[in-house]
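> Need the 3D shape of this:
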Amino acid sequence: MRAVILFNPVAGRGRAEGASRELAQRLCIAGMEPLLLPSERRPAAEWLLPALSQADLLIVAGGDGALRMAAPSAASAGVRITHYPLGTENLFARAMGMRRDPDQLLAAIQGGAERSVDLASIDGVPFVLMASIGFDAEVVHDLTSRRRGGISHLSYAMPILRRVVGWRASRCCVRVDDRVLVDDQRGMVIAANMSVYAQRIDPASRAVDDDGRLDVIFLPAANALSLPRWACLGRMGRALEEHGAVAGRGERIEIRADPPGVVQIDGDALDPGHPKGVIQLLVRHRALRVLVP
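Below you'll find the model as predicted:
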């Protein structure tokens with residue numbers, strides 16, 4: 001068994017490399033051939049895809065951003081991927097029942113169970129979990145513009161406070177496949193490939209990760225004062241569409257925002273500093289092989 005251990009030097013506030021080396025030692029003892037590979041800033045297809053050409057498994061030791069960056073290369077190579085969570089939220093690991101536990105990972109490798117899940121994209125940029133345009137995206141972009149290293153949940157406090165005062169929702173039009181879901185309403189939009197979301201708010205709680213479709217949730221909101229209600233309902237596990245949100249599901253999503261808004265994907269800023277007036281989302285059915293516990 002040849003396994004590439006991809007680690008993000010930033011994730012886990014610098015703990016990723018040490019944890020990856022410890023994991024590599026455990027894999028060696030178990031008779032496997034691990035390759036430690038630090039992430040790079042250049043496109044992953046240039047350095048990760050070649051490393052996967054002789055691999056049987058890709059282990060991503062990092063956060064959801066590292067998982068999102070690695071997923072397209074794993075899908076292209078047809079290599080199974082698993083998450084060794086070392087980030088802030090670790091949403092993919094939560095969705096798949098994965099833990100930062102070498103024993104669990106070794107048992108999964110020996111068991112060989114896998115699932116194939118969908119891989120989505122927004123304007124051609126792949127993502128695994130979700131994308132959104134609205135207040136949360138504004139917070140992510142604010143944090144990104146000031147980030148100088150690893151982050152924690154506390155890192156979001158000041159970006160949230162800065163954005164609460166001035167954020168005003170764009171007027172949105174949302175089209176799902178060939179039908180109009182939302183027509184010129186103020187609010188924020190979340191397109192989800194999986195049901196998980198930060199802080200267990202989970203607005204798209206009914207999303208299915210292997211159905212070949214994205215779930216879209218539109219939250220009517222004029223400003224940030226309208227959002228705590230939605231957050232509380234999501235945290236309580238309520239289906240938001242039963243409380244006034246608008247929900248849809250489809251293979252192709254188009255979102256128009258006026259004025260244009262910034263976008264986040266899997267907790268990362270998409271194209272920082274460049275608001276989007278129109279975005280297109282697509283999904284590839286079961287494109288990503290996942291090793292599961």
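> mind listing the helices for the stretch 151-293 of the chain?
Secondary structure of the stretch 151-293 of the chain, counting by DSSP state H, counting those that start in this stretch: helices at 157-166, 227-235.
> Out of those, which is closest to Met32?
helix 227-235 (39.9 Å; Cβ to Cβ). In this view, the C-beta of every residue, glycine as well, is placed from N, C-alpha and C.
> what distance separates the start and the end of stretch 35-54?
With Cα to Cα, to the nearest Å as the measure, the ends of stretch 35-54 fall 11 Å from one another.
> Show me which residues of it are buried.
Buried residues in stretch 35-54, defined by neighbour count with 16 or more other Cβ atoms under 10 Å: Leu35, Leu37, Ser39, Ala44, Leu48, Leu49, Ala51, Leu52.
> Please apply the same query to stretch 117-132.
117-122, 125-132.
> which residues does Pro272 contact?
Going by Cβ atoms under 8 Å, 6 or more residues apart in numbering, Pro272 touches His141, Thr144, Ser145, Val262.
> now do Asp101
Asp101 sits next to no residue when contact means Cβ under 8 Å, 6+ apart.
> Can you tell me how far it is from Leu227?
The spacing between Asp101 and Leu227, counted by Cβ to Cβ, to the nearest Å, is 35 Å.
> Would you mind listing the buried residues in the strand ranked longest in the chain?
Ordering each strand of the chain by length in residues (DSSP state E) puts strand 276-291 first. For strand 276-291, burial by neighbour count (16+ other Cβ under 10 Å) applies to Lys276, Ile279, Leu281, Val283, Arg286, Ala287, Leu288, Arg289, Val290, Leu291.
> hey, what's Val60 bridged with?
Under DSSP bridges, the beta-bridge partners of Val60 are Leu6, His83.
> in terms of contact, does it touch His83 like I think?
Yes. Counting by Cβ atoms under 8 Å, Val60 touches His83, with 5.3 Å between them.
> So for the two, which residues contact both of them?
Common neighbours of Val60 and His83, counting by Cβ under 8 Å, 6+ apart, are Leu67.
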